[in-house]
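S.K.: got a structure for you, letters missing:
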């Protein structure tokens, strides 16, 4: 069996309401993503996704112009040698992050989907089998709001939907942020895990001051307290706190995560399978994390394909902790496939079908295809 075509499709779904978070330079007015379809000479089609909140067409060009020529004619089962070949195309020129790796991630996910279809097995089984028959998740969607009551109302909705863990964005007003966490803790009770995410807005001294207050409020983890470029500051924060420090959504490949681990900067790592290098590379990252006794809690801010790939990989990992389930409106997650993600009672349930178990809704695909 050989690969006969590689299609890169940038997607965009406009939002009715802007999504607000700290350290945000580009307002999020739409959900965007890169979808990759890889077709074989026997008519099988694998689906992949690259995380591109901004300019998915840039990653699409990388797939079309740089990666596709190395894929045509290859056996789709050769995902490991293909990954190394694609990485080598530009790593010596310094392109080991950004759109290059996002494009490789999308291709790699599509190849794993194809492998499952060819072999008649779900991806988690190809990864060695599932430690879990369902994937525990936390809700991301408590964004920065002017009114605390709006956050409380949404948190109650998540609780009623079965979530017993949820994440709050902070970083614009320290006093209000801490009061919101305090109010959430009172409202939700001690059994609900509350995660707090600063999206890298603080310097290390401020992060330590805020983190010590969060620790008093029984916060489960403090995510990205410092900018992703400041590993020394992140390590200082982790050393000064007695609860989980999490980071890694902006990191790429095992080489980037190696630096996080060597600097003892995190308790919990958060690779995104649609950014950090696909299933192939995130599996390596998870193994490296296990060697450093670091827990794996993947970032998952993409569409339906990203979430499915995240779930299959997470279920197969011995050091998996919990998975993000983005609750911010996203038609690319909820409408792009014939069956939306199966969330019930605080868990993501994976389909027991070959590959990722997805089928595209072609009408939705055309509706959200970004026109040139």
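M.R.: Arrived safely, thanks for sending. Predicted model only: the values in this text are computed from it and were never measured.
S.K.: quick one, helices of the stretch 1-150 of the chain?
M.R.: For the stretch 1-150 of the chain, helices defined by DSSP state H, counting those that start in this stretch occupy the ranges 56-62, 68-71, 79-88, 98-119, 123-126, 148-160.
S.K.: got it, and the stretch 201-350 of the chain?
M.R.: Under DSSP H, counting those that start in this stretch, the stretch 201-350 of the chain gives helices at 204-216, 231-240, 253-262, 278-291, 304-315, 331-334.
S.K.: Is it possible to get these out as TSV so that each row also shows mean pLDDT?
M.R.: Formatted as TSV, the helices of the stretch 201-350 of the chain follow (pLDDT from 0 to 100):
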stretch	mean pLDDT
helix 204-216	98
helix 231-240	98
helix 253-262	98
helix 278-291	98
helix 304-315	98
helix 331-334	97
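S.K.: how about these, which one is nearest residue 131?
M.R.: helix 304-315 (6.5 Å; Cβ to Cβ). Backbone N, C-alpha and C define where each C-beta goes, glycine included.
S.K.: Can you pull out the low-pLDDT segments for the stretch 101-250 of the chain?
M.R.: Scanning the stretch 101-250 of the chain for pLDDT under 70 picks out no residues.
S.K.: ok now do residue 340, which residues does it touch?
M.R.: Listed by Cβ atoms under 8 Å, 6 or more residues apart in numbering, the contact partners of residue 340 are 304, 333-334.
S.K.: gap between the most centrally placed residue in the chain and residue 16?
M.R.: Central residue of the chain (Cα atoms, centre = their mean): residue 300, 2.5 Å from the mean position. Per Cβ to Cβ, to the nearest Å, residue 300 is found 22 Å from residue 16.
S.K.: And the longest strand seen in the chain, what does it pack against?
M.R.: If each strand of the chain is counted by residues according to DSSP state E, the longest one is strand 3-19. Judged by 3 or more Cβ pairs under 8 Å, 6 or more residues apart in numbering; DSSP states H and E, strand 3-19 is in contact with strand 28-40, helix 56-62, helix 68-71, helix 98-119, helix 331-334, helix 362-368.
S.K.: now do 6 Å
M.R.: Secondary structure elements in contact with strand 3-19, counted by 3 or more Cβ pairs under 6 Å, 6 or more residues apart in numbering; DSSP states H and E, are strand 28-40, helix 56-62, helix 68-71, helix 331-334.
S.K.: any idea of the mean pLDDT for that strand?
M.R.: Across strand 3-19, pLDDT averages out at 93.
S.K.: What is the neighbour count of the spatially closest residue to residue 208 that is not a sequence neighbour?
M.R.: Spatial nearest neighbour of residue 208, chain neighbours left out: residue 240 (4.8 Å); criterion: Cβ to Cβ, 6 or more residues apart in numbering. Neighbours of residue 240 under the rule other Cβ atoms under 10 Å: 16.
S.K.: try residue 30
M.R.: 19.
S.K.: now swap in residue 323 and tell me
M.R.: 22.
S.K.: That one bridge partners, please.
M.R.: When assigned by DSSP bridges, residue 323 has beta-bridge partners residue 137.
S.K.: number of nearby residues for the closest residue to residue 292 other than its chain neighbours?
M.R.: Computed as Cβ to Cβ, 6+ apart, the closest residue to residue 292 that is not its neighbour in sequence is residue 261, at 4.2 Å. Neighbour count of residue 261, defined by other Cβ under 10 Å: 19.
S.K.: Can you tell me how far residue 261 is from residue 210?
M.R.: Computed as Cβ to Cβ, the residue 261 to residue 210 distance reads 24 Å.
S.K.: My read is that residue 323 contacts residue 137, right?
M.R.: Yes - here residue 323 lies in contact with residue 137, judged by Cβ atoms under 6 Å, at a distance of 4.9 Å.
S.K.: Which one, of the helices of the stretch 1-150 of the chain, ends up nearest to residue 327?
M.R.: Between the helices of the stretch 1-150 of the chain, helix 148-160 lies closest to residue 327; by Cβ to Cβ that is 6.8 Å.
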